[in-house]
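> 3D model of this:
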Amino acid sequence: MSRSLTVLAVDDEVPALDEVAYLLSRHADIGEVIRAGDATSALRELNHRRIDAVFLDINMPGLSGIELAGVLAHYAQRPAVVFVTAHEDKAVAAFDLGAVDYLLKPIREDRLDEAIRRVVTSRPADAPTERDDVDSDVVPAELAGVTHLIPRDTISWVEAEGDYARLHSASGAHLVRIPLSTLENRWGEHGFQRVHRSYLVALPFVTGLRTADGAVLVRLRENGASPAVELPVSRRQARELRDRVVRTPMRSLRPGGGSDE
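You can find the predicted model right below:
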């Protein structure tokens, strides 16, 4: 028997959100219904847990449902998208984004049943792991009420701040609610290396290692709005970092770069 679905209902109008969440919770194929009142809250949920399908309103303040679906298109293992709206005129755009169904408000239970059937049949035979489900080439980050999409390959280093992480990228520093340990697990195969309990670095941006007063430091080159920096390397991580830096053909070393040790 297949696993029950975990679904996310997204609508900025509370009565509409209550209705779709209630109808979804009654369905036999759905095990958990998560609610979000806007696209930014939805992105936080999508980055922190495995979600099989998103039932998504189109007209929302800030990031619209269509724009959110566009963000999901970048996910390595994206959830199925079902649009739930009072407007018929967005159907073509919705299906262009790969939506599995398009429900009109008020929702009829028979149409909801059909949408859930389409979600179930659209799932791959081998259900993705949680790690695959949250891996993505872009990271949504909120700044002053605006959601920015940060390409992973523009991030040179990451700094732990409690349960959050600060991404230092070509466009500047962005705080996301993702623990550094999660990013370490997700991004290790994409050229990132944990060098310290507080730091994760992208190997292509490393220009060298040096020793100062018995401590090992890793140098990272300037990256757009992020200046060149030196970060401490724990003794436990130093050998693995040296080995990976030597093996990384992508890194762009500036004149005088390389290991100083």
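
> which residues touch Ala225?
Applying C-beta atoms under 8 Å, 6 or more residues apart in numbering to Ala225 gives the contacts Ser169, Ala170, Ser171, Gly172. (Each C-beta comes from the backbone N, C-alpha and C, glycine too.)

> nearest residue to the second one in space, ignoring adjacent ones along the chain?
It stands for Ala170. Computed as C-beta to C-beta, 6 or more residues apart in numbering, the closest residue to Ala170 that is not its neighbour in sequence is Gly224, at 3.0 Å.

> pretty sure that neighbour is touching Ala173, no?
No. Using C-beta atoms under 8 Å, Gly224 is not in contact with Ala173; the gap is 11.1 Å.

> need the contact list for the residue lying closest to Val14 once chain neighbours are set aside.
Excluding the flanking residues, the one nearest Val14 by C-beta to C-beta, 6+ apart is Gly37, at 7.4 Å. By C-beta under 8 Å, 6+ apart, Gly37 lies in contact with Val10, Asp11, Asp12, Val14, Leu17.

> which pLDDT value belongs to Gly37?
For Gly37, the model assigns a pLDDT of 95.

> cool, and Thr182?
On pLDDT, Thr182 comes in at 85.

> and the one 4 residues further on, by the same measure?
The predicted local distance difference test score for Arg186 is 83.

> how many other residues sit next to the nearest residue to Pro151 once chain neighbours are set aside?
Closest residue to Pro151 apart from its sequence neighbours, by C-beta to C-beta, 6+ apart: Val138 at 5.5 Å. Per other C-beta atoms under 10 Å, the neighbour tally for Val138 reads 15.

> could you pull up phi and psi at the residue nearest to Ala170?
When read as degrees, to the nearest 10, the backbone of Gly224 gives phi 60, psi -120.

> so where is the stretch 51-200 of the chain shaky, pLDDT-wise?
76, 89-95, 124-136, 143-146 (pLDDT under 70).

> how about the strands in it?
Counting by DSSP state E, counting those that start in this stretch, the stretch 51-200 of the chain has these strands, from start to end: 53-56, 80-85, 101-104, 138-143, 146-151, 155-161, 164-169, 172-176, 192-196, 199-202.

> columns distance to Ile30 on top of those strands, output as JSON lines?
What follows is the strands of the stretch 51-200 of the chain, written out as JSON lines (distance: least, C-beta to C-beta, whole Å):
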{"stretch": "strand 53-56", "distance to Ile30": "9"}
{"stretch": "strand 80-85", "distance to Ile30": "12"}
{"stretch": "strand 101-104", "distance to Ile30": "15"}
{"stretch": "strand 138-143", "distance to Ile30": "25"}
{"stretch": "strand 146-151", "distance to Ile30": "27"}
{"stretch": "strand 155-161", "distance to Ile30": "35"}
{"stretch": "strand 164-169", "distance to Ile30": "31"}
{"stretch": "strand 172-176", "distance to Ile30": "28"}
{"stretch": "strand 192-196", "distance to Ile30": "35"}
{"stretch": "strand 199-202", "distance to Ile30": "36"}
